[in-house]
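**Q** Structure of the sequence below:
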Amino acid sequence: MYKMNVNVLELVKKLEIGLQILAENKIMSTYRRVFRGKGLEFEEYRAYGPGDDAEMIDWKASIRSNQTLVKQFREERELDIYFLVDASSSMVFGSTDKLKNEYAAEFVASLAHFILRVGDNVGLVMFNDNVVHNLPAANGSNQFYMLLRGLVDPSLYGGGYNLEEAIRFIIRSVQKKGLLIIVSDFIGLRAGWEKILRLATGKFDVIGVMVRDPRDRELPRGVGQVMISDPYTGKTMLVNPDEVGPAYENYVKRYEAMVEAGFAASKADLIKLATDKSFIKPVINYFRRRELIFSS
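**A** Residues are numbered from 1 along each chain as shown. Have a look, this model is predicted:
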C-alpha cells in the first residue's frame with residue numbers, strides 16, 4: 001500500500017495562506033452572494049417602503065390587498081455542501097509531483113476549509129465501483145479533520161469507476177437541497193451518465209471539477225516504445241507515442257468535450273484543473289464568472 005503524498009501540517013499552513021488570497025480577491029463575499037444567496041425561503045409579505053427593491057414587489061398579492069407588497073425572505077441558517085470524490089484506480093496516477101488523487105485531496109481540503117470558515121456544512125462521499133466512504137455534512141473544526149482523514153486514507157483508493165451509482169447514493173441519502181461538487185478525472189463514464197447527472201441537478205446545484213494529469217491529455221515524444229496499462233483491468237500494451245500520440249490526443253479532446261457538453265446540457269458547471277498547475281487561479285476565476293452570471 002502506497003503512502004499518500006499529502007503533508008497535513010503543511011497543508012493546513014497553505015490553507016491559511018489560501019484563505020488570505022481568497023479574502024483579498026473578495027471571494028468570500030462572492031461565495032455568499034452566488035451560493036448562499038440561493039438559500040432564501042419566503043417568510044411573509046410586508047408593505048413596500050423607501051429603499052426596497054422594486055423587483056421584489058409581488059403585483060398579484062398587491063392587487064388583492066390594495067397596497068403595494070414586497071416579499072420578505074429569510075436566509076437559511078446554513079448550506080450543505082457535499083464533495084463527491086473519485087477514488088478509483090485512474091486517480092492513483094501522476095507524472096508530476098502529485099498523483100491525481102493527492103492533488104484532488106488538497107483541492108477538496110482547501111475548499112472545505114474555506115466553506116467551513118464561511119459557516120456552512122461540508123460532507124464527503126468517496127467512491128470507486130461503490131461508495132467507500134461517507135461523512136455526513138456538518139460544521140466545525142472537527143469536521144474538517146474528519147474529512148481530511150478520509151481524503152488521505154490510502155486504503156480507500158483503487159478499484160473501478162461508477163459515477164452513476166455514486167450520484168444515486170447522494171440523491172437517496174441526502175434529504176436537504178444544497179451544493180454538490182463532483183471531483184473526478186471522469187475517465188470511465190458509462191453510457192447514459194448524463195441522465196443521472198440531470199437527476200442530480202434537479203435536487204442540487206452541481207459543480208464538476210475535472211482533475212487531469214498532463215499525460216491524460218498528451219503522450220511524451222521521442223522516448224521510444226512505452227508500456228501503458230488500463231487502470232481498471234490491468235491490461236497492458238506496448239505503444240510508440242510518436243505514432244499513436246496524435247490519435248490519442250484527438251480522442252482525449254473529443255472525450256473532454258463530451259463531458260463538458262454533458263454538464264452544460266444538465267445546467268451544471270465544470271471546472272478543469274491540471275495537476276501541474278495550482279488550482280487557486282481557476283477557482284478564483286470560476287467564482288468571478290459565477291458572480292457575473294448571477295448578477296446579470
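**Q** For the stretch 151-296 of the chain, which segments count as strands?
**A** 178-184, 204-212, 226-229, 236-239, 269-274 (DSSP state E, counting those that start in this stretch).
**Q** Check what pLDDT L40 gets.
**A** You'll see L40 listed with a pLDDT of 52.
**Q** cool, and the one 3 residues further on?
**A** Each residue has a pLDDT score; the one for E43 is 60.
**Q** quick one: buried residues of the longest helix along the chain?
**A** Longest helix of the chain, by residue count under DSSP state H: helix 241-265. By 16 or more other CB atoms under 10 Å, the buried positions in helix 241-265 come out as 241, 248, 252, 256, 259, 262-263. Any C-beta I mention is one placed from the backbone N, CA and C, and that applies to glycine too.
**Q** same question, stretch 44-64
**A** For stretch 44-64, by 16+ other CB under 10 Å, it's 48, 58, 62.
**Q** Quick check: which of the strands of the stretch 151-296 of the chain is buried the most?
**A** strand 178-184 (a mean of 24; mean count of other CB atoms under 10 Å).
**Q** my guess is L156 meets G150, correct?
**A** Yes - look at L156 against G150 with CB atoms under 8 Å: they come within range, at 6.7 Å.
**Q** what is in contact with those two at once?
**A** Counting by CB atoms under 8 Å, 6 or more residues apart in numbering, the residues touching both L156 and G150 are 126, 133.
**Q** list the contacts for the spatially closest residue to S184 that is not a sequence neighbour?
**A** Distance criterion CB to CB, 6 or more residues apart in numbering; nearest residue to S184, sequence neighbours excluded, is D86 at 3.5 Å. Shown in contact with D86 (CB under 8 Å, 6+ apart): 101, 104, 126-128, 161, 163, 182-186, 211.
**Q** Which one, of the strands of the stretch 151-296 of the chain, ends up nearest to S90?
**A** strand 178-184 (8.9 Å; CB to CB).
**Q** Could you list the paired strands of that closest one along with their orientation?
**A** According to DSSP bridges, strand 178-184 forms sheet pairs with strand 80-86 (parallel), strand 204-212 (parallel).
**Q** residues in contact with the longest one?
**A** Among residues not part of strand 204-212, those counted as contacts by CB under 8 Å, 6+ apart are 35, 38, 82, 86, 91, 100, 103-104, 107, 170, 174, 177-186, 197, 200, 256, 259, 263, 266, 268-275.
**Q** Need the CA coordinates for it. PDB is fine.
**A** What follows is strand 204-212, C-alpha atoms only, in PDB (Å, rounded to 0.1, in the frame of the first residue of the first chain):
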ATOM      1  CA  PHE A 204     -28.600  20.100  -6.100                       C
ATOM      2  CA  ASP A 205     -26.600  22.900  -7.500                       C
ATOM      3  CA  VAL A 206     -23.900  20.900  -9.200                       C
ATOM      4  CA  ILE A 207     -20.300  21.700 -10.000                       C
ATOM      5  CA  GLY A 208     -18.000  19.300 -11.700                       C
ATOM      6  CA  VAL A 209     -14.200  19.500 -11.100                       C
ATOM      7  CA  MET A 210     -12.200  17.600 -13.700                       C
ATOM      8  CA  VAL A 211      -8.700  16.800 -12.400                       C
ATOM      9  CA  ARG A 212      -6.300  15.700 -15.200                       C
END
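**Q** Off-centre distance for that strand?
**A** Averaging C-alpha positions (CA atoms, centre = their mean, to the nearest Å) puts strand 204-212 4 Å from its chain's average.
**Q** rewinding a little: need the strands paired with strand 178-184 in TSV with mean pLDDT, can you?
**A** Below are the strands paired with strand 178-184 laid out as TSV (pLDDT from 0 to 100):
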stretch	mean pLDDT
strand 80-86	96
strand 204-212	96
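**Q** Save the ones you listed as CSV, and put in distance to S95 too.
**A** Converted to CSV, the strands paired with strand 178-184 look like this (distance: least, CB to CB, whole Å):
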stretch, distance to S95
strand 80-86, 18
strand 204-212, 11
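**Q** Please name whichever of the ones you listed is nearest to F279.
**A** It is, among these and with distance given as CB to CB, strand 204-212, at 8.5 Å.
**Q** What segments of the stretch 1-150 of the chain are strands?
**A** 40-47, 69-75, 80-86, 121-127, 131-138.
**Q** which intervals of the stretch 51-200 of the chain have sub-threshold pLDDT?
**A** For the stretch 51-200 of the chain, applying pLDDT under 70 flags the ranges 51-53, 55, 72-77.
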